[in-house]
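In: Sequence and predicted structure below; questions after.
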2 protein chains.
Amino acid sequence: MPTRAEHRRATLRRLGDAAVDLYESMAPAEPTVDHIASEAGVSRRTAFRYIESKEELLFTHPVLWFEIFDAAIAERADAPIGDRLRHASDAISRVIDADPEPVLRSFRVSRGVPGAAASYAVVNHRWIDRVEAEIARDSEGDRFRDRVLAAAVMGVIDAALEEWAGDEGATPLVDLVDRGLRLLSPLFADAGGQVGDAARG
Amino acid sequence: MPTRAEHRRATLRRLGDAAVDLYESMAPAEPTVDHIASEAGVSRRTAFRYIESKEELLFTHPVLWFEIFDAAIAERADAPIGDRLRHASDAISRVIDADPEPVLRSFRVSRGVPGAAASYAVVNHRWIDRVEAEIARDSEGDRFRDRVLAAAVMGVIDAALEEWAGDEGATPLVDLVDRGLRLLSPLFADAGGQVGDAARG
DNA sequence: GAGATATCTGTCACTCAGTGCCAATCGGCT
DNA sequence: AGCCGATTGGCACTGAGTGACAGATATCTC
């Protein structure tokens, strides 16, 4: 039981929560890092040991999802790429659908923050890299194709999240992601896995 | 002959050039906005009337390409979506291939600048919006699908630019974009236009 | 041309993000 | 207890980004 890592995780979560709270209540003004940090019970200097930029605090969730992704991929390590991606995005979607409010709030808030888009994009880019690596495992070494497919998959995730947040989570995220991945299934047809057509886990 | 607009455009270009020059020569250190501005012959305050953030100066080109895109689209206003997108990306690619060095330089430089990725992503997002709007003109109002397709198309452009910059522009950008769009043609098949299969310009 | 007007510009001053440095503290381990 | 590495807070500093004001410059009107 690594108390140290737990503590770090808890602190980051407190920072993220405080940030969303303050951004929300002060809109359209922005809280200072000083303000957010003291609300989370740490010093400004310490806050910057957890983040690289202020806006990052609005996207602690997508970073957390990496762990879910990796775990889900591992569960299907030998399945074709379509199944793996589908299983992973399902796993993440289910976690979000189980407790959508925090995610919805941070998305809602980030909409009104200039600079948030840039920060989100950085996280998104890390996701594209991760998905590309996964696709590459099944491909014949065509890096260009892998990258295009990864971007398309993340386009699906992005569009699904946007749609989902747009109507306040009314439609289960799982279904939206499903629908999106099905759109892409022609691209994966020759790879042996029909993305979006696998039986629900 | 709008002298005013011309002057603004020239100033922005000088700023962009100065930024790339200084970023390149000072790497891995970063020039200050003060430095860039004075190199371009304006004050710091004036520089910030042309940009919103320092890193933006590394991506003056992609913003400029919007005009080429719009003009190319207009030329094919009544063609199916596949042809329109293909014609537009060809037009842009040709402009780049005709004088690749400045673009290559700014890409090369931006690779080493943390924060540049975020700034590029913002521009990229504007591009996705623009492409989505274009796709929407031909679709049956499925905004979700439009967005996914737009993201996929921009994924192609992005991967093509990366590949192109990766080998210093050895492969004509036109060919890379072509190859990428062809990958996506199954997605557009039912829309009446085979992206990437239209006769060359 | 002269003068009214809108735009562009530089200077000054200010807030605040982000970082290096150092000393103090705390958790984990033997 | 005692050591070691990780975490923390305080301080000081650079530099991005912005508001306000005043002077210059271009465009328009007569």
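Out: Here it is on my side, so go on.
In: Tell me how many other residues surround residue A:176.
Out: 21 (other CB atoms under 10 Å in any protein chain shown). Using the backbone N, CA and C atoms, a C-beta is placed for each residue, glycine as well.
In: for it, helix, strand, or coil?
Out: Look at residue A:176: counting by DSSP: H, G, I helix; E, B strand; the rest coil, its state is helix.
In: Get me the contact residues on chain A for chain B.
Out: A:114, A:117-119, A:121-122, A:124-125, A:143-145, A:147-152, A:154-156, A:158-160, A:162-163, A:176, A:179-180, A:183-184, A:186-187, A:189 (CB under 8 Å from any CB of the partner chain).
In: Helices - which of these land there?
Out: Judged by DSSP state H, the subset of the residues of chain A next to chain B located in helices is A:117-119, A:121-122, A:124-125, A:143-145, A:147-152, A:154-156, A:158-160, A:162-163, A:176, A:179-180, A:183-184, A:186-187.
In: how many neighbours does residue A:182 have?
Out: That count, for residue A:182 with other CB under 10 Å as the rule, works out to 15.
In: ok, residue A:11 touching residue A:49?
Out: No. Residue A:11 lies out of contact with residue A:49 (CB atoms under 8 Å); the separation is 9.4 Å.
In: Run through the residues that contact the nearest residue to residue A:35 once chain neighbours are set aside.
Out: Counting by CB to CB, 6 or more residues apart in numbering or on different chains, residue A:22 is the residue found nearest to residue A:35 once chain neighbours are left out, at 6.2 Å. Applying CB atoms under 8 Å, 6 or more residues apart in numbering or on different chains, we find residue A:22 in contact with A:31, A:35, A:36, A:39.
In: try 10 Å
Out: A:29, A:30, A:31, A:32, A:35, A:36, A:39, A:40, A:57, A:109 (CB atoms under 10 Å, 6 or more residues apart in numbering or on different chains).
In: Tell me the spacing between it and residue A:55.
Out: Residue A:22 sits 13 Å away from residue A:55, taking CB to CB, to the nearest Å as the criterion.
In: Are there residues contacting both of those two? Which ones?
Out: residue A:30.
In: First-to-last residue distance for stretch A:107-116?
Out: One end of stretch A:107-116 to the other measures 10 Å (CA to CA, to the nearest Å).
In: ok so, going back, what residues do residue A:11 and residue A:49 have in common as contacts?
Out: Among the neighbours of residue A:11, those also in contact with residue A:49 (CB under 10 Å, 6+ apart) are residue A:42.
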